[in-house]
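Undergrad: need coordinates for the below:
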Amino acid sequence: MFFDWISLLFISFVLFISSLVIYYRKDYIAGDFFINRFILLVLLFVFFIIILILSPNLIRILLGWDGLGLVSYCLVIYYQNVKSYNAGILTALSNRLGDVAFLVAIAWILNYGSWNFLFYLEFIKTDFEIQIICGLVIFAAITKRAQIPFSSWLPAAIAAPTPVSALVHSSTLVTAGVYLLIRFNLLLQDTIISRILLLIACLTIFIAGLGANFEFDLKKIIALSTLSQLGLIIRILALGFYKLAFFHLLTHALFKALLFICAGAIIHNIKNSQDIRDIGRLSIFIPFTISCLNIANLALCGFPFLAGFYSKDTILEVVLISYVNFFIFFLFFFSTGLTVSYSFRLFYYLFILNINQSSLNTVRDLRKIISKRISGLLIFAIIGGSILNWLIFPFSYMICLTFLIKILTLLVCIFGGLLGVIFSSISFFSFNKSLNYYSFSFFSCSMWFIPSISTIGVVDYPLNLGFKIFKLVDHGWTEFFGTQQIFNYFIKISQIFQLIQFNNLKIHLTLFCFWVLVLVMLIFLI
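TA: Numbers count the residues shown, from 1 in each chain. Below is the predicted model of the structure:
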C-alpha cells in the first residue's frame, strides 16, 4: 500500500461524497424495494476506488480498475430499461479497451521483475520500453477519462440514479484515470505523449462545451460539463503541472457533486422530467435548492472566491505564461467561455423563463435529509478552494502579468456568460424538440457524431456487413460451386451405385452382351 498526501487526500474526498450519497438515498429513492442492493453497490464502488488509489502494484490496480468497471455497469443499469441497458453496455465495452492496454502493460513490465511501477519511474526518461508501458497505461487512463474518441459513454452514464451520477461523475470513476496520470506525471513532461494528450484534451473540452450549449437534458448538460472539466484537468496535466491538476480535480468533485444532487432534487419536484424547457421561475418554489445549484454553477464558471476560482484562475494564468501555440491557447480560453455560456444558459432557463408544468404542481423544497446533504456540500463548494489552496501548495502562486492579460480570464468569463444568456433567447439555439438530422444543433448535441461512430460504427455496420457476406458468400456463389455442388455430385454417384446394386441381373446381362459385341467386332476386324 502506498500512502502519501495525494492518496490520503483523494480518499478523504471519496469517502465524504460517498457518505453524502448513501445518506441522500434515504429520501431520493426511499420507495425502492431493493435499497440494500443499491447501498452494497455503492460500498463496493468505494472499496474498489480505494484499492485503485492505494496500490502501487499494477496487478492490484487492475483489480480495482475492473471492479470499478463492473460495479459502474451494475449501477448504470440499476433502473432496468432499454436505455439503461444500452448505456451500461456502452460504458462497459468502452472501458474494456483500456483494460486490454492495461493487461498488455502488466505482461510487458514483468520483464523487469516487478509489477510495482514506483520502482521504474526514475527510468522513464531513459528507457524506451518503460515509456511504451507507461504509454499503454496512459491509453487506459484516456478511456476511463472519456477523452476523444471514447467520449460517448460519459453522457450515456446518466441513465444511473442521480446519487450515483453525483458519485461517478464527480469524484470516483472518471477520476480514476487522472489519478494514474498524476502518478505517471514524469512521463508527461516535454514528451510527444504530453503533446498528443494536450491536443486530445483541448478537442474534448471544446466538443463538450459546444454540445452542452445545445443540450436540453438537465443531467446531460451537467455530464457534458464534467467532460469539459476532465479535459481541463488533463490539459494542465499535459503541461506538467500535476499539483494544479490534482487541485482542480478535488475542487471539481465538490461543486459537481452539489450540482448533481440539486439537479436530482429538481427532477423529483417537476414530476421526473429532465427537460429544462419544462422548468422555470423555480426560485419562487424551491429557493434553497435553486440557490445552491446557482452557487455550484458559479463555482463551475470560476466566479471569484468560490471553490472553482482558486484552481481554474490559476490554471488559466499558468497557461498564459507557458510555451503553447496559438491553437492550444485559443482552445483553452474559448472553451472556458463556452463553460460560462452553458452555465448561464442553464441559469436563464431556471430563473427567467416561465414554468411549463401544469398548474397542479407540488414543487417545494424537499425534506431535511436532502437539505442537510446539500448544505454540507454547499459549505465546501464555497470555501473548499481556499482550504485546499493552503493545504496543497506550500506557498501561494504569485503570477505577474500585464493588466490586460491578467483580466483576460475574467473578461472571457463575462463575455461567455453574456453569450449564454443571449443565445438562449435566439431560435437558432432554442430549437424545437424535433431535431433535424442535418442541423448544426444536432451535430453539436451528438458530440460531432462520436457516439454514432463508437456505437453504430462498432456494432451496426459490422453486423450488416456480416449479414451481407453471409447472404452473398455462404449462401451465394461459394455455396453453389462449393459444398452444394459437391453434394449434388455425391447424390448422382449414389444414384448410379443404387442402380447397379438393385438391378444386378440386368446390368450383368447388358455388360455380357456389350463385351460379346466388342469381341465379335474385333474378330471381324482382324
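
Undergrad: nearest residue to residue 335 other than its sequence neighbours?
TA: Nearest residue to residue 335 in three dimensions, chain neighbours excluded: residue 205, at 4.4 Å (CB to CB, 6 or more residues apart in numbering). Where C-beta positions appear, they are placed from N, C-alpha and C, glycine not excepted.

Undergrad: with residue 239 instead?
TA: Closest residue to residue 239 apart from its sequence neighbours, by CB to CB, 6+ apart: residue 322 at 5.5 Å.

Undergrad: please report phi then psi for the one you found.
TA: Note on residue 322: its backbone torsions stand at phi -90, psi 160 [degrees, to the nearest 10].

Undergrad: hang on, the earlier thing: just give me the neighbour total for the residue nearest to residue 335.
TA: Residues lying near residue 205 (other CB atoms under 10 Å) number 28.

Undergrad: run the chain-centre distance for the host helix or strand of it.
TA: In the assignment (DSSP states H and E), residue 205 maps to helix 192-212. With CA atoms, centre = their mean, to the nearest Å as the basis, helix 192-212 stands 14 Å off its chain's centre.

Undergrad: in that helix, what counts as buried?
TA: Using 16 or more other CB atoms under 10 Å as the test for burial, helix 192-212 gives 193-194, 197-212.

Undergrad: what is that helix packed up against?
TA: Secondary-structure packing of helix 192-212 (3 or more CB pairs under 8 Å, 6 or more residues apart in numbering; DSSP states H and E): helix 128-144, helix 218-238, helix 326-347, helix 440-445.

Undergrad: for residue 135, see how far away the residue nearest to residue 239 is.
TA: 23 Å (CB to CB, to the nearest Å).

Undergrad: of those two, who's got more company?
TA: Shown here are residue 322 and residue 135; by other CB under 10 Å, residue 135 has more neighbours (18 against 14).

Undergrad: my guess is the more buried one meets residue 193, correct?
TA: Yes. Under the criterion of CB atoms under 8 Å, residue 135 makes contact with residue 193 at 5.8 Å.

Undergrad: residues near residue 526, how many?
TA: Considering only other CB under 10 Å, residue 526 is surrounded by 5 other residues.

Undergrad: how near is it to residue 405?
TA: 119 Å.

Undergrad: which stretches of the stretch 251-400 of the chain form strands?
TA: Ranges of strands in the stretch 251-400 of the chain, per DSSP state E, counting those that start in this stretch: none exist.

Undergrad: mind listing the helices for it?
TA: For the stretch 251-400 of the chain, the helices defined by DSSP state H, counting those that start in this stretch cover 282-285, 287-301, 307-320, 326-347, 368-392.

Undergrad: tabulate those helices (CSV), appending mean neighbour count and distance to residue 98.
TA: Listed next are the helices of the stretch 251-400 of the chain as CSV, based on neighbours: other CB atoms under 10 Å; distance: least, CB to CB, whole Å:
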stretch, mean neighbour count, distance to residue 98
helix 282-285, 16, 39
helix 287-301, 23, 27
helix 307-320, 23, 25
helix 326-347, 21, 24
helix 368-392, 18, 28
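
Undergrad: select, out of these, the one closest to residue 232.
TA: Among the helices of the stretch 251-400 of the chain, the nearest to residue 232 by CB to CB is helix 307-320 (6.8 Å).

Undergrad: C-alpha coordinates for that closest one, CSV please?
TA: Output of helix 307-320 as CSV, limited to C-alpha atoms (Å, rounded to 0.1, in the frame of the first residue of the first chain):
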residue,chain,number,x,y,z
ALA,A,307,-14.1,26.8,-4.9
GLY,A,308,-13.6,26.7,-8.6
PHE,A,309,-12.0,30.1,-8.8
TYR,A,310,-8.8,29.2,-7.0
SER,A,311,-7.9,26.3,-9.3
LYS,A,312,-9.4,27.5,-12.6
ASP,A,313,-8.0,31.0,-12.5
THR,A,314,-4.5,29.7,-11.5
ILE,A,315,-4.7,27.1,-14.4
LEU,A,316,-5.5,29.8,-17.0
GLU,A,317,-2.8,32.1,-15.7
VAL,A,318,-0.3,29.3,-15.8
VAL,A,319,-1.3,28.7,-19.4
LEU,A,320,-0.6,32.4,-20.2
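
Undergrad: just give me how far stretch 52-62 sits from the chain centre.
TA: With CA atoms, centre = their mean, you get 21 Å for stretch 52-62.

Undergrad: how about stretch 310-322?
TA: Stretch 310-322 sits 25 Å away from the centroid of its parent chain (CA atoms, centre = their mean).

Undergrad: any chance you could list what contacts that stretch?
TA: 232, 236, 239, 241, 244, 247-248, 251-252, 302, 304, 329, 332-333, 336, 385-386, 388-389, 397, 399, 401, 405-406, 408-409 (CB atoms under 8 Å, 6 or more residues apart in numbering).

Undergrad: what's the neighbour count on the nearest residue to residue 311 once chain neighbours are set aside?
TA: Excluding the flanking residues, the one nearest residue 311 by CB to CB, 6+ apart is residue 248, at 3.8 Å. By other CB under 10 Å, the residues close to residue 248 number 26.

Undergrad: show me what contacts residue 248?
TA: Applying CB under 8 Å, 6+ apart, the residues contacting residue 248 are 229, 232, 233, 236, 308, 311, 312, 315.

Undergrad: switch those over to a markdown table; also include distance to residue 471.
TA: Converted to a markdown table, the contacts of residue 248 look like this (distance: CB to CB, whole Å):
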| residue | distance to residue 471 |
| --- | --- |
| 229 | 48 |
| 232 | 49 |
| 233 | 49 |
| 236 | 53 |
| 308 | 56 |
| 311 | 57 |
| 312 | 56 |
| 315 | 55 |
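
Undergrad: turn these into CSV, including pLDDT and distance to residue 140.
TA: Putting the contacts of residue 248 into CSV (pLDDT from 0 to 100; distance: CB to CB, whole Å) gives the following:
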residue, pLDDT, distance to residue 140
229, 83, 20
232, 83, 21
233, 84, 17
236, 83, 20
308, 83, 28
311, 85, 25
312, 84, 27
315, 85, 25
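
Undergrad: before we move on, back to that, my guess is the residue nearest to residue 335 contacts residue 236, does it?
TA: No. The criterion here is CB under 8 Å, and residue 205 misses it with residue 236 at 11.2 Å.

Undergrad: mind checking how far residue 236 is from residue 324?
TA: Per CB to CB, residue 236 is found 11 Å from residue 324.

Undergrad: neighbour count for those two, which is higher?
TA: residue 236 (27 against 18).

Undergrad: now for the more buried one: which residues touch it?
TA: Residue 236 neighbours (CB under 8 Å, 6+ apart): 244, 245, 248, 315, 318, 319.

Undergrad: try 7 Å this time
TA: For residue 236, the contacting residues are 244, 245, 315, 318, by CB atoms under 7 Å, 6 or more residues apart in numbering.

Undergrad: where does residue 2 land in three-state SS?
TA: Secondary structure, DSSP: H, G, I helix; E, B strand; the rest coil: residue 2 is coil.

Undergrad: for it, give me its contacts.
TA: By CB under 7 Å, 6+ apart, the neighbours of residue 2 are 54, 56, 118.
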